[in-house]
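# Prediction below, plus the sequence it came from.
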Amino acid sequence: MTRLYRFAVASPLGKTADLGRVRAVVSDYVALTKPGIQSLLLVTTLGAMLIAEEGLPPLGLVLATLLGGSLAAGGANVLNCFIDRDIDAQMTRTRHRATAAARITPAAALVFGLALSAFAVLWLGLLVNWLAAGLALAGNLYYVLVYTKWLKRITPQNIVIGGAAGAVPPLVGWAAVTGGLSWSAWALFAIVFFWTPPHFWSLALLKHGEYGRAAVPMLPVVAGEAATRRQILLYSVLLLAVCLLLVPLGLGPLYLLAAVAVNAVFLGLAVRLFLTPSKKLARSLFFFSLWYLALIFAAGVADRLVLA
């Protein structure tokens, strides 16, 4: 009778512990897909779809494209964690990732990343179109093989050249709606491309010690903080210029006013950081950059919807 009582008491606790372990494993796998980064990419995908459609695309197409884009980005991020597990283990910001902390084996991460990537391409090809699928695959391969495997470890221009991968989602969204690409689609690509260096270099100014210990040749480590601040300012000016390109390509005064206002804040922070070196200003620029793409793409969407 005592044994039965002990079993009755222990069994629910054992099930709770097992459930907790399952949740922890699932959470680790989900974290490898980097949901926070995905959200930025999906904002640009959806924004491009709405701008291209000049209205509201079919809901089924939107959901299929966003899910496929999420799977493609998630697969690329998992493969990034697989390749960078040695670097991640040396950095405070990333050392708790499941691949760096050895909670998920390299083989399991590799299979998971490849499976997500392959399923994403098939999903987009069959439910959206093959141009969107091909663009998603190209972005995935560029991020994994060109940026993560090669550029990140050999050149301080890794973020500049590798930024093309993160700029692919607007092309995917545009292709999903139109079945092709236009100059407007490439302008949206350029906005994300020129946004990437100020975004990542402002973070690198905050984390340059960690990058140095991990032997990652980020610009502040190789060229110093002063050179990094100059480059941030330069790319912020270029970013304003490429944002204005969308006006002669078809967007109207509502977008123009919003783009000027958002870029004025962004450029103002970059100028202040250039003139007055400060961790606080670098942090302010980085956190504003997290909102920047959403604001710019929302301005484009609002302009299209109002004009339509």
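Right, received. Where do you want to start?

# All the helices of the stretch 201-308 of the chain, in order from the start?
With DSSP state H, counting those that start in this stretch as the criterion, the stretch 201-308 of the chain has helices at 219-222, 225-244, 253-275, 279-307.

# Tell me which of those sits nearest to residue 43.
Taking C-beta to C-beta, helix 279-307 is the member of the helices of the stretch 201-308 of the chain nearest to residue 43, at 5.0 Å. Using the backbone N, CA and C atoms, a C-beta is placed for each residue, glycine as well.

# tell me what the closest one is packed against?
In this structure, helix 279-307 packs against helix 35-53, helix 183-213, helix 253-275, with contacts taken as 3 or more C-beta pairs under 8 Å, 6 or more residues apart in numbering; DSSP states H and E.

# Would you mind giving those helices as JSON lines with mean neighbour count and mean pLDDT added?
What follows is the helices and strands packed on helix 279-307, written out as JSON lines (neighbours: other C-beta atoms under 10 Å; pLDDT from 0 to 100):
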{"stretch": "helix 35-53", "mean neighbour count": "22", "mean pLDDT": "93"}
{"stretch": "helix 183-213", "mean neighbour count": "22", "mean pLDDT": "92"}
{"stretch": "helix 253-275", "mean neighbour count": "18", "mean pLDDT": "97"}
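
# how about the ones you listed, which one is nearest residue 307?
Evaluated over the helices and strands packed on helix 279-307, closeness to residue 307 peaks at helix 253-275, with 7.9 Å, by C-beta to C-beta.

# any idea of the angle the closest one forms with helix 225-244?
Per axes from the mean of the first three to the mean of the last three C-alpha atoms, to 10 degrees, the angle that helix 253-275 makes with helix 225-244 is 170 degrees.

# Convert the C-alpha atoms of helix 253-275 to PDB, please.
Only the C-alpha atoms of helix 253-275 are listed here, as PDB (Å, rounded to 0.1, in the frame of the first residue of the first chain):
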ATOM      1  CA  PRO A 253       3.900  63.000 -50.500                       C
ATOM      2  CA  LEU A 254       2.700  61.000 -47.500                       C
ATOM      3  CA  TYR A 255       5.700  58.600 -47.800                       C
ATOM      4  CA  LEU A 256       8.100  61.500 -48.500                       C
ATOM      5  CA  LEU A 257       7.100  63.400 -45.400                       C
ATOM      6  CA  ALA A 258       7.400  60.300 -43.200                       C
ATOM      7  CA  ALA A 259      10.700  59.100 -44.800                       C
ATOM      8  CA  VAL A 260      12.200  62.600 -44.200                       C
ATOM      9  CA  ALA A 261      11.100  62.700 -40.600                       C
ATOM     10  CA  VAL A 262      12.300  59.100 -39.800                       C
ATOM     11  CA  ASN A 263      15.600  59.600 -41.500                       C
ATOM     12  CA  ALA A 264      16.100  63.000 -39.800                       C
ATOM     13  CA  VAL A 265      15.900  61.200 -36.400                       C
ATOM     14  CA  PHE A 266      18.200  58.400 -37.600                       C
ATOM     15  CA  LEU A 267      20.700  60.800 -39.200                       C
ATOM     16  CA  GLY A 268      20.600  63.100 -36.200                       C
ATOM     17  CA  LEU A 269      21.500  60.200 -33.900                       C
ATOM     18  CA  ALA A 270      24.400  59.200 -36.300                       C
ATOM     19  CA  VAL A 271      25.700  62.800 -36.300                       C
ATOM     20  CA  ARG A 272      25.600  63.100 -32.500                       C
ATOM     21  CA  LEU A 273      27.400  59.700 -32.200                       C
ATOM     22  CA  PHE A 274      30.000  60.900 -34.700                       C
ATOM     23  CA  LEU A 275      30.600  64.200 -32.800                       C
END
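
# Alright, that wraps it up for me.
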